[in-house]
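Colleague: sequence first, predicted model second:
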Amino acid sequence: QQQVKQSPQSLIVQKGGISIINCAYENTAFDYFPWYQQFPGKGPALLIAIRPDVSEKKEGRFTISFNKSAKQFSLHIMDSQPGDSATYFCAAPISSGSARQLTFGSGTQLTVLP
Amino acid sequence: DSGVTQTPKHLITATGQRVTLRCSPRSGDLSVYWYQQSLDQGLQFLIQYYNGEERAKGNILERFSAQQFPDLHSELNLSSLELGDSALYFCASSVGRSLNTEAFFGQGTRLTVV
């Protein structure tokens, strides 16, 4: 049962373009929404994260937009560069019994063409 | 370098065998998480330990077990291995027990069952 749904599965963007990846969640108890970036042969690394008390967070070329009413959050990569080519995962804490587990979306493979 | 160390990096073993994957968390981190990453399943949460105690359990098979030792390193034991267990196994660590802070991932152990 997928509680964090991510789209698209793959994305090809020209250098300098805007990359947009979307995630939808089902549980309203989430309080932390991170995005992780993974390069081939490496482990995922935190890229940027947002808490639901704000609707947007920007760090350099990366922006998270959060829509609480629609239960969606998205990652925007401005001025996309070939070095941004990687797999991106959204994630959220999901209740598992008395504890929570960080549940990842299915991933988006981003390719930025030079 | 995330500060999380996983050994070995690669492991090839036969069906029915047992293997142990090792993880050393970042200095000061008390939580250790194990994830399985396969092509068709994405990043699947297996189990979390916090300061030596099991905190959360995900889709971990009964053939798999884990523990966290007093020095906070963790081991994931996989037994009666099947071809379908071939995957990347990631360990991550974080400071606290909750999931609203950054989790740092190791570079993973690639397990191939033949």
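Modeller: Yes, it's here.
Colleague: would you mind measuring from residue A:84 to chain B?
Modeller: Look at residue A:84 and chain B: by C-beta to the nearest C-beta, to the nearest Å, they are 19 Å apart. C-beta here means a position set from N, CA and C on the backbone, and glycine is covered the same way.
Colleague: could you list the low-pLDDT ranges of chain B?
Modeller: Applying pLDDT under 70 to chain B flags the ranges B:99-100.
Colleague: for it, which segments count as strands?
Modeller: B:5-7, B:10-13, B:19-24, B:31-38, B:42-50, B:53-57, B:64-68, B:74-78, B:87-94, B:104-105, B:109-113 (DSSP state E).
Colleague: grab the most central residue of chain B for me.
Modeller: By C-alpha atoms, centre = their mean, chain B has its centre lying nearest to residue B:34, at 3.1 Å.
Colleague: what residues are up against it?
Modeller: B:23, B:45-48, B:60, B:66, B:74, B:76, B:89-92 (C-beta atoms under 8 Å, 6 or more residues apart in numbering or on different chains).
Colleague: now chain B against chain A: closest residue?
Modeller: Here the residue of chain B nearest chain A is residue B:105; by C-beta to the nearest C-beta that distance is 3.3 Å.
Colleague: how about the strands in chain A?
Modeller: Secondary structure of chain A (DSSP E): strands located at A:4-7, A:10-14, A:19-25, A:33-38, A:45-50, A:56-59, A:62-67, A:72-77, A:86-96, A:99-104, A:108-113.
Colleague: in the sheet, who's paired with the residue lying closest to residue B:68 once chain neighbours are set aside?
Modeller: Distances taken as C-beta to C-beta, 6 or more residues apart in numbering or on different chains place residue B:49 nearest to residue B:68, at 3.7 Å, with adjacent residues excluded. For residue B:49, the beta-bridge partners are residue B:32, residue B:54 (DSSP bridges).
Colleague: alright, calling it a day.
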